[in-house]
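Trainee: compute the structure for the input listed below.
(one chain, ligands or ions: 1)
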Amino acid sequence: MREPVLVRSGETRVFVRELDRAYPLIERGDGVWLYDTGGTAYLDAVSGGAMVTSLGHGHNEAIAAAAEQAAKVSFIYNQQFTSPAQEALARELTALSPPGMDRVHFTSGGAEANETALRLARAYHVERGEPQRRRIISPAQAYHGPTMATLALAGRAGLRAPFDPFVVDQLHIPPATWRFDPSGAEALAALDRVLEEAGPDSVAAFFAEPVSAAALPGYSPPDAFWHGLDERRREHGFLVCLDEVVTGMGRTGTWFAAEQLPIEPDIITTAKGLGAGYAAVGAMLCHQRVYDAVAAGSRAFEHGHTWDGAPLPCAVGLSVIDQLKRDGLVDRVRERGPILRDALAAALADVELVREVRGRGFLLGVDYVDPRDGESFLPLDLAVASRIDMEALDRRLLVYSTQPTADGFTGDQTLVAPAFVASDEELDEIVERLAATVAAVERWVKGQLAGRPAATGATA
Ligand code: PLP
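Mentor: As a prediction, this is how the structure comes out:
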């Protein structure tokens, strides 16, 4: 195996994210493969590292679409202008989204789309004469972005603490996972408690990922939870916002994961797979009834970042959708996803470190536990998630693992989210390399745990 070319914080002017990490110096990609400057090949099982490049790396026709659009007009500001590219992408996206989601505001990314959703949820109630509705409820174990407003949507003290008091206190409920609440009944009871404490008419929206990505890879609350949420929405008048920044554009086997849930959202956000890595583009879609509140009220929704709806990213979004449709890639994800999940579960069946392999389409998660009792969180000091990522990189496999944030909701987990264009052989290779990685880490974990006091239950 070739030696990888790595860049460390002492050797670069880049203000890197983790100063003790060595970064592979990637110069090109091809499908699910990434190559460093020395020719070392990495198998990318997580779409560029962040669930983005669903069409794979390199040689994509979105590049020609971008060049063609840039040659005509690359940028105009959507406060003063619109363009055929923005208009066409708005038509395409609303046609692909669940019924009634008829208006769209484009952004450059996921957090911006979520911030836009928050502002619209608030504007909706203000327009309708309920300005006291300010609070947002969301499952605690979530990730909706790194901005101050979106950090507040995650109830993960470990993530938010460094930024207090910029991060406002929002309301949270525990996740309905196998560990706490497989039926969803506890989560609904927590929702009732939170509504009661806050006062139901102070709540503007419920915000959640339909299938979680980084925070709880591949997890989705049980249907009973969504039904119960719907009942409470009808009773109390808050909006339901689904963060489909990762799940939108086919990642779970339908254009939007909302199609698979027994609830109709009021607002949906999406981003990553919309530009598929060829442009930074996101979107906030809303139901016509939400738009109507503004249309019948102030007739202005003044929210915008400079690049929102610019022709260049919109042209790329259009090309991405064309390719997803033409090549039947969403159908492929729907059909191939369960086979991939089963293969991964089978390959990890004898690994005591693994409690669960879950997920939909090409958005899968592996949940790790203390192998001594099969349910407790692993000790934090072992940093198993980062060891998995490092061990995988040694095997030239790119996955994304989540460190527990000591909040008591989840432990170490790994996210697998390959490009939709991955061949059957490449998917098999991902399973093989990940299984070898996890088996190696399990051996290490068992060695570390020998001689330590027994696990004491399901706490982080
Ligand atoms: N929402 C979810 C579910 C995400 O996974 C992410 C990013 O990983 C975001 C929002 C934030 O998106 P962005 O990084 O494009 O701002």
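
Trainee: need the residues of this structure near the ligand, please.
Mentor: 50, 109-111, 114, 143-145, 209, 213-214, 243, 245-246, 271 (CB under 6 Å from any ligand atom). The C-beta positions use only the backbone N, C-alpha and C, and glycine is treated the same way.

Trainee: host element of Tyr124?
Mentor: helix 110-127 (DSSP states H and E).

Trainee: whichever residue of the chain sits closest to the ligand: neighbouring residues, count only.
Mentor: Per CB to the nearest ligand atom, Gly110 is where the chain lies closest to the ligand, at 2.3 Å. The local packing of Gly110 (other CB atoms under 10 Å) involves 30 other residues.

Trainee: wait, it sits on Val245?
Mentor: Yes: using CB atoms under 8 Å, Gly110 is in contact with Val245, at 3.4 Å.

Trainee: shared neighbours, these two?
Mentor: Counting by CB atoms under 8 Å, 6 or more residues apart in numbering, the residues touching both Gly110 and Val245 are 144-145, 269-272, 282.

Trainee: in helices, which of those residues fall?
Mentor: Among the shared contacts of Gly110 and Val245, the residues falling in helices (DSSP state H) are Lys272.

Trainee: quick one, which of the shared contacts of Gly110 and Val245 are buried?
Mentor: 144-145, 269-272, 282 (16 or more other CB atoms under 10 Å).

Trainee: tabulate those (TSV), appending pLDDT.
Mentor: TSV is the format used below for those (pLDDT from 0 to 100):
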residue	pLDDT
His144	97
Gly145	96
Thr269	98
Thr270	98
Ala271	98
Lys272	98
Gly282	98
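
Trainee: keep only those of the residues you listed that are in strands.
Mentor: Here DSSP state E is the test, and those give 269-270, 282 as lying in strands.

Trainee: need the distance between the two termini of stretch 289-301.
Mentor: Stretch 289-301 has an end-to-end distance of 15 Å (CA to CA, to the nearest Å).

Trainee: run the chain-centre distance for it.
Mentor: Once both centres are worked out by CA atoms, centre = their mean, to the nearest Å, stretch 289-301 turns out to sit 29 Å from its chain's centre.

Trainee: skipping adjacent residues, who's closest to Arg28 in space?
Mentor: Excluding its sequence neighbours, the residue lying closest to Arg28 (CB to CB, 6 or more residues apart in numbering) is Tyr35, at 5.2 Å.

Trainee: test my guess that that neighbour contacts Asp44.
Mentor: No: with contact defined as CB under 8 Å, Tyr35 and Asp44 do not form a contacting pair (10.5 Å).

Trainee: what sits in contact with each of those two?
Mentor: With CB under 8 Å, 6+ apart as the test, Tyr35 and Asp44 both reach Gly29.

Trainee: who has more neighbours out of those two?
Mentor: More crowded of Tyr35 and Asp44, by other CB under 10 Å: Asp44, with 27 against 19.

Trainee: okay, that one: pLDDT?
Mentor: Asp44 carries a pLDDT score of 98 in this model.

Trainee: check which residues of stretch 85-94 are buried.
Mentor: In stretch 85-94, counting by 16+ other CB under 10 Å, buried: 85-86, 89-90, 92-94.

Trainee: could those go into JSON lines alongside secondary structure, pLDDT and distance to Phe238?
Mentor: Conversion of the buried residues of stretch 85-94 to JSON lines gives the following (DSSP: H, G, I helix; E, B strand; the rest coil; pLDDT from 0 to 100; distance: CB to CB, whole Å):
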{"residue": "Ala85", "secondary structure": "helix", "pLDDT": "98", "distance to Phe238": "35"}
{"residue": "Gln86", "secondary structure": "helix", "pLDDT": "98", "distance to Phe238": "30"}
{"residue": "Leu89", "secondary structure": "helix", "pLDDT": "98", "distance to Phe238": "29"}
{"residue": "Ala90", "secondary structure": "helix", "pLDDT": "98", "distance to Phe238": "26"}
{"residue": "Glu92", "secondary structure": "helix", "pLDDT": "98", "distance to Phe238": "30"}
{"residue": "Leu93", "secondary structure": "helix", "pLDDT": "98", "distance to Phe238": "25"}
{"residue": "Thr94", "secondary structure": "helix", "pLDDT": "98", "distance to Phe238": "23"}
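
Trainee: select, from the residues you listed, the two members most distant in space.
Mentor: Pairwise distances across the buried residues of stretch 85-94 (CB to CB) peak at 15.0 Å, for the pair Ala85 and Thr94.

Trainee: secondary structure class of His303, three-state.
Mentor: Assigned by DSSP: H, G, I helix; E, B strand; the rest coil, the conformation of His303 is coil.

Trainee: Glu209 versus that one, what's the distance?
Mentor: Counting by CB to CB, to the nearest Å, the gap from His303 to Glu209 is 22 Å.

Trainee: burial measure for the residue lying closest to Asp424 once chain neighbours are set aside, as a count.
Mentor: Nearest residue to Asp424 in three dimensions, chain neighbours excluded: Arg336, at 7.6 Å (CB to CB, 6+ apart). Residues lying near Arg336 (other CB under 10 Å) number 18.

Trainee: ok, Arg336 touching Leu427?
Mentor: Yes: using CB under 8 Å, Arg336 is in contact with Leu427, at 7.1 Å.

Trainee: and for the two, which residues touch both?
Mentor: Joint contacts of Arg336 and Leu427 (CB under 8 Å, 6+ apart) do not exist.

Trainee: could you list everything the residue lying closest to Thr116 once chain neighbours are set aside pairs with in the sheet?
Mentor: What sits nearest to Thr116 in space, not counting adjacent residues and going by CB to CB, 6+ apart, is Met284, at 4.3 Å. Beta-bridge pairing of Met284, defined through DSSP bridges, involves His105, Thr269.

Trainee: thanks a lot, catch you later.
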